[in-house]
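>>> Have a look at this prediction, sequence included:
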Amino acid sequence: MAAVLAQTKIRRLDASDERQYMMNEKYEVYEKQGAPFGALSFHYHNFYEIIYVLEGEYSSMLEERTYHMKKGDFLLIDRNVMHKYHYIEKKHDSSKRIILWITGAMLETLSEGDFNLAACFSGHDSRAYHFPIYYEELLRGYLLRLAMWETPETGLSDFKAVLDKGYLTLFFVYLNALCQKKEYFFREQDSVDHPMVAQVSAYIEEHISETIPVEELAWLVHMSKYHFLRKFKEVTGVTVHTFLINKRLIKASKALKEGMGVTQVCQLAGFGDYSSFLRNFKKIFGVSPAKYRDFY
């Protein structure tokens, strides 16, 4: 079977492909090799993401923590969580990984009863995991089959959609069970916390509906304004202003999904005026806040 899988064509994305949006309305699975050229600054999206390291090493920063991953490691990224690729020179050139993007709607379709298959993305102290070899190979097998253009067992494309739904269900059932076990959480020595980012992020979320001057954030982390601005950009890859705007947009998108009025959302997310809210929202989500709310 391993030989059959190795000979089957895999969906691949070039390392230079900077796309951070889905072209399929349900899910996408592909292989990516080498150090990415894009994703070097904080970004977020309204679908879930899983990164599995096939070969080499790979590092990713999720808000206030950087995970240094090796072969066999899994990283789970929740919706609307700011994250970025953390490049380490000479270490990532031979990196090979499988990327899975999946929407909340698709996971709801796969879930049954009270069993929520999206639960593995939230509520844990770790976002990265290393499972025993048996379970790792099991999950890797499902991901590889999902990344294939055709079904190697039959050679018939007609069966692939049905089989893929089964592979996705099995993958997430096992993943949810494994992610509940603390012994599979990432080791502390394989991750780095960024207290400054954590402090700033927590403060912004607590005061999201208010005006938040840069001086206030600099005072919070005991730095001068210009040292803070420089250090924050160095760590996160984005300016403090961009980070703050993104936090406000994440808050707004969640409130709109709950059916809240656009004017109320604008105030709740701390935008000084509607024109600024509309401009920034359309830039990120591609539609107006009203259309976004109606869609969801």
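Received, thanks. None of these values were measured; they are calculated from a predicted model.
>>> so who does the residue sitting nearest the centre point of the chain touch?
Central residue of the chain (CA atoms, centre = their mean): I77, 3.4 Å from the mean position. By CB atoms under 8 Å, 6 or more residues apart in numbering, I77 lies in contact with 48-51, 60, 62, 83, 121, 127. Quick note: C-beta positions are derived from backbone N, CA and C, even for glycine.
>>> Let me see the confidence value for it.
If you check I77, the pLDDT there is 95.
>>> Show me what counts as buried in the longest helix along the chain.
In the chain, taking DSSP state H as the definition, the longest helix is helix 160-179. Of all the residues in helix 160-179, those buried under the rule 16 or more other CB atoms under 10 Å are 160, 164-165, 167-169, 171-176, 178-179.
>>> again, but for stretch 74-89
74-86.
>>> now that stretch, how far from the chain's geometric center?
Its chain's C-alpha centre and that of stretch 74-89 lie 6 Å apart, by CA atoms, centre = their mean, to the nearest Å.
>>> same check, this time on stretch 22-29
So, by CA atoms, centre = their mean, the centroid of stretch 22-29 is 14 Å from its chain's centroid.
>>> Who is the residue nearest to the centre of the chain paired with across the strands?
E49 (DSSP bridges).
>>> could you dump the buried residues of helix 160-179 to CSV with distance to L249?
Below are the buried residues of helix 160-179 laid out as CSV (distance: CB to CB, whole Å):
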residue, distance to L249
K160, 37
D164, 32
K165, 33
Y167, 34
L168, 29
T169, 32
F171, 31
F172, 28
V173, 33
Y174, 34
L175, 29
N176, 29
L178, 33
C179, 28
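>>> Which parts of the stretch 1-150 of the chain are helices?
Ranges of helices in the stretch 1-150 of the chain, per DSSP state H, counting those that start in this stretch, are 2-7, 104-110, 133-146.
>>> mean pLDDT for the ones you listed: which is lowest?
Among those, helix 2-7 scores lowest, at a mean of 46.
>>> and which of the buried residues of stretch 74-89 is nearest F37?
Each of these was scored against F37 by CB to CB, and Y85 proved nearest at 9.4 Å.
>>> can you tell me which residues contact that closest one?
36, 38-40, 59-61.
>>> What's the ChimeraX line that selects buried ones from these?
ChimeraX command restricting the contacts of Y85 to the buried ones, with burial defined by 16+ other CB under 10 Å:
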select :36,39,59,60,61
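>>> What about the contacts of Y85, which are in strands?
Secondary structure from DSSP state E places 59-61 of these in strands.
>>> Format those residues as a markdown table; extra columns: distance to A105 and pLDDT.
Output for these, formatted as a markdown table (distance: CB to CB, whole Å; pLDDT from 0 to 100):
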| residue | distance to A105 | pLDDT |
| --- | --- | --- |
| S59 | 30 | 91 |
| S60 | 25 | 91 |
| M61 | 28 | 91 |
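>>> can you list the domains in the protein?
Under the assignment automatic domain parsing, the domains of the chain span 2-190, 194-295.
>>> now, which of the buried residues of helix 160-179 sits nearest E136?
L178 (9.4 Å).
>>> And that closest one, how close does it get to Y135?
Using CB to CB, to the nearest Å, L178 is found at 6 Å from Y135.
>>> what does A177 give?
Taking CB to CB, one finds A177 at 9 Å from Y135.
>>> Equivalent analysis for E206, please.
In terms of CB to CB, E206 sits 38 Å off from Y135.
>>> same deal with M148?
21 Å.
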